[in-house]
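Trainee: turn this into a model:
(4 chains, ligands or ions: 4)
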Amino acid sequence: MTAGGNKLLLEHYRTMRRIRSFEERVNELFVRGQSAGSMLHMSIGEESIAGVCRAMEPGDSFTTHHRGHGIFIARGADPKRMMSEIAGKSDGYCSGKGGSMHIADMTLGALGANAIVGGGIPHVVGAGLSYRNRRLPHVSVAFFGDGAAQQGILYEAMNMAALWKLPVVFCCINNQYGMGTRIDRAAANPNLHERAIACGLNGLTVDGSDVEEVHDAAERILGAARNGMPGFMVINCYRFYGHARLDKSPYREESEEVEGRKRDALANARKKLLARATADDAMLMQIDDDAEAEMNAAVDHAVAALSPPVDTMFRDVFAEGEPPPRPLRHHLSMILGEGR
Amino acid sequence: MTAGGNKLLLEHYRTMRRIRSFEERVNELFVRGQSAGSMLHMSIGEESIAGVCRAMEPGDSFTTHHRGHGIFIARGADPKRMMSEIAGKSDGYCSGKGGSMHIADMTLGALGANAIVGGGIPHVVGAGLSYRNRRLPHVSVAFFGDGAAQQGILYEAMNMAALWKLPVVFCCINNQYGMGTRIDRAAANPNLHERAIACGLNGLTVDGSDVEEVHDAAERILGAARNGMPGFMVINCYRFYGHARLDKSPYREESEEVEGRKRDALANARKKLLARATADDAMLMQIDDDAEAEMNAAVDHAVAALSPPVDTMFRDVFAEGEPPPRPLRHHLSMILGEGR
Amino acid sequence: MAAVETTYREALRQALIEAMTEDETVFVMGEEVGRYGGAYGVTKGLLEMFGENRVIDTPIAEAGIVGAAVGAAMTGSRPVVELMYIDFAGLTMDQVANQAAKSRYMFGGQIGVPMVLRMQGGTGRSAAAQHSQSLESWFTHVPGLRVVMPATVNDAYHLLRIALKCPDPVIFIEHKGLYVRKGTLDTERPDGAWGQSVIRREGADLTIVTYSRMVFEALAAAETLSAQGVSAEVIDIRCLNPLDDETLIRSVTKTGRAMVVTESVMTSGFAAELSARISERCFEHLEEPVLRVAGEDIPIPVSPALERGAVPSPQLIAETALWLVRRIAPSWAA
Amino acid sequence: MAAVETTYREALRQALIEAMTEDETVFVMGEEVGRYGGAYGVTKGLLEMFGENRVIDTPIAEAGIVGAAVGAAMTGSRPVVELMYIDFAGLTMDQVANQAAKSRYMFGGQIGVPMVLRMQGGTGRSAAAQHSQSLESWFTHVPGLRVVMPATVNDAYHLLRIALKCPDPVIFIEHKGLYVRKGTLDTERPDGAWGQSVIRREGADLTIVTYSRMVFEALAAAETLSAQGVSAEVIDIRCLNPLDDETLIRSVTKTGRAMVVTESVMTSGFAAELSARISERCFEHLEEPVLRVAGEDIPIPVSPALERGAVPSPQLIAETALWLVRRIAPSWAA
Ligand SMILES: Cc1ncc(C[n+]2csc(CCOP(=O)(O)OP(=O)(O)O)c2C)c(N)n1
Ligand SMILES: Cc1ncc(C[n+]2csc(CCOP(=O)(O)OP(=O)(O)O)c2C)c(N)n1
Ligand SMILES: [Mg+2]
Ligand SMILES: [Mg+2]
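Mentor: Numbers count the residues shown, from 1 in each chain, chains lettered A, B, ... in the order given. Ligands and ions are numbered 1, 2, ... in the order given. Down below sits the predicted model:
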């Protein structure tokens, strides 16, 4: 058993359940033709990142990759505003400008999701510099996938973090696939944490089907990072479904999928809770139902929300008060209009 | 003692002596105001790369960084055409277009020197693919500095080489400095070969003051690469002088330089040759004098050579026979000229 | 072979298959080009046909991939790299602009880099700011690169075939909105020579110069215009650099009015180059300034309505043309 | 403080020192900015003054450095990154264009990235194809970036000071040939407001629009021209994006003739944008087409003679101007 004990596991369960429900509802949003596009990357199978998020403190910051919904939920983001953003609506987190791959919430230290594989990784180094220079006790965590671990920028970022002893953690969610490419066809040495160790970081791999293990490891890794020893942790898990909404994973064996889906941190947590008699079936079903209801409400909210007025496209290119871009129609009017 | 024995050491000595003389003459070219610019990076202190070059076979290819003169000499390039190129002259290796940082000689498998730190590294992966696909027995070697080892592209290239088991070698010339930054201020873990091992390569570090050791290691590393186990070797040495012609290294201690310059593969080889009675003083002096004479002649040649005609600037943008770029004056004539 | 109806995607695929069959040195590499068949399906089936050595699934490492292609091209191979999205070009610009493009020159003509860098760009899938860009002008600003952007099915095939024989690096930019578009492929009859601008519709009142997906938006606009008695000539430049400007100049000399249409953002976009060239060479024939109808100077927003609003539509093109030719101000010009 | 004579390099250095003194969140990072004092000496002494936390020597890892700056800017710092050579921009374009530039937009205004990316470009040192480029138009094509290119000593100081207060990313491009140039620095009196184009010399016969080092080449040409009775107005645009085009338009409306001068290669260079804008807005006032006098469409060769020939000289500018205004063809126009 682990630090926080059974109560904590129940908490993890609730978070993971909320993540799974959210993702299932995103799917529904798409099926109802209400999502902005089809570039929807669900994190089902990766719910134990809840353990990392639980180890983070208020004030800590993070960046995520394109598959970040679960991380936002676990850090306390509002599912309604997330769902609205995924639908490209006006009251979404990014006013309908970002969508699924670009959710952000500065109030939660969420420095933004990134659709460039590896793109958000170096940002945590800079966050670490900010915290060091201003003597703040925070850690910054970069979440990314196993595929991103082949991008050079990770090594640049890890080296700088280690060289400057920054409060930074690199969290690699190894769901075994980058699109259709399995980790062993992408990385010559799939033990990714070994590379981090060779770069001078604190590195380890943890079993993602056990949220308590993930949480324990994260406590250690984040704790060390807070004290100037940056870390790298790999969460070993499995991407239950396709890469994005329209991918049916024809490149993997059915049998592999069946095995892979057994690495289910949510089901495992449920089993443990029952075995330890921390919760009974009814209690867990209540949690499940609450999560479903919450996420259903988020979909309804998003569907009902308004699309952003077309003119808002010119906002937020630059800060408020700075000269905005000149709309094309305005430019044409200057050339052809009356006053020319 | 080593494979080829004393005769081989004498050969190494001659090569290293020629490199040193060449670099000293480059300096003179500059002092005489005859070099094209001042971005001249001398490889004095790194002469034991001769051991790697000796392990290469005809047909093998290589890329180098900005400090590549010595490598070209060791692979058999013509000092006259090199010196002419450094002077920006018409009969230089690149017709006066490239200069010191861009020497190339396709007939020697020299795929070109690069002024972008790390820029030439991934090219050997592609060369390796060519050899594999066409079943050629060659190896491709990337030469670069310790500073380049912090560039992300090295990790991308190493991973691909290891993943695809390509006949590729990464040769890091660790002269302890990237401009004014000592390796321990650039790399969190200065044992660079450990990173390569973690990426799945054959990695080692060798003492660059002993050319025989370098050669032995290179034989092993290149041999393994030829058989599908890509390698990474670090040559530990010291940059005797400034980063480029105008740098006087004010950022390093005099005492450190004195110590560093003791790691002199040329002096060591001379000592060994005398101790082993492979050569006597007169014989070595003859080699020295020959090298001096050869490189003096290269300078004289370069000084006397012609500058390229200005019109040649439009050549080689595209292949011969392809439409060349339109010169500005031609463009202006089309607008303002008679026929408009 | 007679002309057949097919898609842009299939035409590209066929060009690759033929080139790989004909020339052993051609190989394809990129993320998901093998087992997955390419993010947009262009390389589907190639792995089975040509094997793992010639259809190479790479790790996610764009700079390294392009760099590897440069080295392969220098050593006798002819690599085709699929970059998946033009938006990832930023990761590769050093290898593209400092290595692939400049090697021949820096090395005094000793080393050629015959490679093709395929990628796709543009809007239309609510893919947001990092998956919807039109960055062709980054490439057209680099001496040593050929930049090609096919619009039609026939060009998709023919231009790729020629690119795969070009001794220099070719940046081959597709459009995500065109893959499923149908058209006629005639392997014997290219729409025009390599490097040549092609008149897609003849007209007398104004010249619309464009490329890639916007060719079809311009043609749709020309249709609308014709109903209103305005006859627009639509030119598809196909090859951006080097550019066949003579065709444009002849056309504008005839019509006296020119509009340049691009999906890319206006400032420093290729529309500026086209506008400048036309103004330089047709000065005395121009009745009105050369207009640019280009993407708004903003990142691409995810909301479908905003995304559509960020790039030119047939309606906007037609309204602006009417204004230019007939001085009929559109509703939005208050 | 009264006006003083100093160099461009010193003016930049002073701006950094003052900003760092005034604002604790400002820090400098980059290769060799500390112990070495910067490849061109701009940050000399800063390490001693501000310590290692605020003057950070980085590993050679351009993408990572810019990425780190983005993260620092998002978390309350105001980083100044020195990129050493604009030629290395290709390594950073993803972090610059997809991250720094788009974050505010993608995240709906929640996150600003107030950072300054300093770099230098241009020819003049026989530094060859990978160390001599002028790539500003890559940046001006990216919505969300401010692009600034000071020519004068006073601008070097003032524009950097303002850049360090800007809430958005600023691309600050210096010229390697200007660092040792002397001029007057008056910390109280900027040459013009942020974003404003400045008339460096008044004239009546033609308008020469330019920026960075070419301002001085254009002024030298204007001097020659005046001896031949041609009066050239020289405008330094200073801030490329957003561009104060009103000043240009007023000038060309007055003179009726315009020439745009840049060191960067012509095709898709910023000269095209300037040319297009002037043609669009001054159409009825132009006596002649807007001319571009720009760098040749080639990589920069190392040979000093070839390098000089690859970019505009005062003589070329003057000859072309004379042709434009007086229809006197230069010797080379056979
Ligand atoms: C720079 C870049 N390259 C490629 C892509 C296309 N792409 C999107 S997700 C993805 C796979 C990423 O795999 P991984 O990092 O393991 O994350 P996962 O999708 O498994 O969560 C790829 C190749 C991209 N968005 N950005
Ligand atoms: C991408 C890039 N970044 C920075 C530079 C500037 N620069 C030239 S050489 C050098 C140091 C390189 O150090 P190292 O790799 O150890 O090679 P060495 O000079 O010691 O041979 C630097 C920073 C460059 N040319 N290219
Ligand atoms: Mg993955
Ligand atoms: Mg070094």
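Trainee: helix, strand or coil for the closest residue to ligand 3 within the stretch 201-340 of chain A?
Mentor: As assessed by CB to the ion, ligand 3 sits closest to A:Arg239 within the stretch 201-340 of chain A, at 6.2 Å. All C-beta spots, glycine's among them, are computed from the backbone N, C-alpha and C. Recorded secondary structure, A:Arg239: coil (DSSP: H, G, I helix; E, B strand; the rest coil).
Trainee: which residues touch the residue of the stretch 151-300 of chain C found nearest ligand 3?
Mentor: The minimum distance from the stretch 151-300 of chain C to ligand 3, using CB to the ion, falls at C:Lys176 (22.9 Å). Contact analysis of C:Lys176 by CB atoms under 8 Å, 6 or more residues apart in numbering or on different chains lists C:40, C:120-122, C:124-125, C:127.
Trainee: pairing partners for C:Asp236 in the sheet, please.
Mentor: Counting by DSSP bridges, C:Asp236 is bridged to C:Val198, C:Thr210.
Trainee: spatially central residue in chain C, please.
Mentor: Note on chain C: the residue nearest the mean C-alpha position is C:Met149, at 1.9 Å, using CA atoms, centre = their mean.
Trainee: measure that one to chain B for me?
Mentor: To chain B, C:Met149 is 18 Å away according to CB to the nearest CB, to the nearest Å.
Trainee: quick one on the thing from earlier: of the contacts of C:Lys176, which is the most crowded?
Mentor: Neighbour counts for the contacts of C:Lys176 (other CB atoms under 10 Å in any protein chain shown) peak at C:Gly122, which has 27 neighbours.
Trainee: chain neighbours aside, what residue packs nearest to that one?
Mentor: Spatial nearest neighbour of C:Gly122, chain neighbours left out: C:His175 (4.5 Å); criterion: CB to CB, 6 or more residues apart in numbering or on different chains.
Trainee: cool, A:Arg67 as well?
Mentor: A:His41 (4.1 Å).
Trainee: return the residues in contact with the residue nearest to the centre of chain C.
Mentor: Taking CB under 8 Å, 6+ apart, one finds C:136, C:172-175, C:211-212, C:238-240 in contact with C:Met149.
Trainee: go again with 6 Å.
Mentor: C:173, C:211-212 (CB atoms under 6 Å, 6 or more residues apart in numbering or on different chains).
Trainee: before we move on, the earlier item: ok, the residue of the stretch 151-300 of chain C closest to ligand 3 to D:Val80 distance?
Mentor: As judged by CB to CB, to the nearest Å, C:Lys176 and D:Val80 stand 37 Å apart.
Trainee: just A:His65 next, same as before
Mentor: 28 Å.
Trainee: what's the answer for A:Leu306, then?
Mentor: In terms of CB to CB, A:Leu306 sits 41 Å off from D:Val80.
Trainee: got it, and A:Met106?
Mentor: Distance from A:Met106 to D:Val80, by CB to CB: 23 Å.
Trainee: check which helix or strand the residue of the stretch 51-200 of chain C found nearest chain A maps to.
Mentor: Here the stretch 51-200 of chain C gets closest to chain A at one residue, C:Ser126, 3.0 Å apart by CB to the nearest CB. Using DSSP states H and E, C:Ser126 falls within no helix or strand.
Trainee: next, the contact list for the closest residue to chain A within the stretch 151-300 of chain C, please.
Mentor: In the stretch 151-300 of chain C, the residue that lies nearest chain A is C:Asp297 (4.0 Å; CB to the nearest CB). For C:Asp297, the contacting residues are A:325, C:265-267, D:143, by CB under 6 Å, 6+ apart.
Trainee: and ligand 3, which of those contact it?
Mentor: Taking CB under 5 Å from the ion, there is no overlap between the contacts of C:Asp297 and the neighbourhood of ligand 3.
Trainee: select from those residues every entry located in strands.
Mentor: C:Val265 (DSSP state E).
Trainee: and which of the contacts of C:Asp297 is nearest to D:Asp155?
Mentor: Looking at those and their distance to D:Asp155, the nearest is C:Thr267, at 21.6 Å (CB to CB).
Trainee: got the residues of the stretch 151-300 of chain C near chain A?
Mentor: Applying CB under 6 Å from any CB of the partner chain, we find that the stretch 151-300 of chain C lies next to chain A at C:289, C:296-298.
Trainee: residue nearest the centroid of chain A?
Mentor: Nearest residue to the geometric centre of chain A (CA atoms, centre = their mean): A:Gly68, 2.2 Å.
Trainee: how close does that one sit to A:His12?
Mentor: Remark: distance between A:Gly68 and A:His12 (CB to CB) = 18 Å.
Trainee: do the same with C:Ala63
Mentor: Applying CB to CB, the value for C:Ala63 to A:His12 is 39 Å.
Trainee: in the chain, what spans have low per-residue confidence?
Mentor: Just so you know, I chose chain A. Scanning chain A for pLDDT under 70 picks out the ranges A:1-4, A:339-340.
Trainee: actually chain C
Mentor: Residues of chain C meeting the criterion pLDDT under 70: C:1, C:334.
Trainee: the stretch 151-300 of chain C: strands as residue ranges?
Mentor: C:170-175, C:182-185, C:198-201, C:206-210, C:232-236, C:239-241, C:258-265, C:291-295 (DSSP state E, counting those that start in this stretch).
Trainee: how many residues are close by A:Ala304?
Mentor: Neighbour tally, A:Ala304, other CB under 10 Å: 11.
Trainee: now do it against A:Gly223, distance only.
Mentor: A:Ala304 is 44 Å from A:Gly223, where distance means CB to CB.
Trainee: equivalent analysis for A:Ala305, please.
Mentor: For A:Ala305 relative to A:Gly223 (CB to CB), the value is 40 Å.
Trainee: I'd assumed C:Pro190 was in contact with C:Cys198.
Mentor: That one is not Cys; residue C:198 is Val. No: here C:Val198 lies out of contact with C:Pro190, judged by CB atoms under 6 Å, at a distance of 9.4 Å.
Trainee: now name the helix or strand holding A:Cys53.
Mentor: helix A:49-55.
Trainee: which other helices and strands contact that helix?
Mentor: Packing partners of helix A:49-55 (3 or more CB pairs under 6 Å, 6 or more residues apart in numbering or on different chains; DSSP states H and E): helix A:5-31, helix A:69-74, helix A:211-226.
Trainee: out of the ones you listed, indicate the one that is most buried.
Mentor: Comparing those by mean neighbour count (mean count of other CB atoms under 10 Å in any protein chain shown), helix A:69-74 ranks first with a mean of 27.
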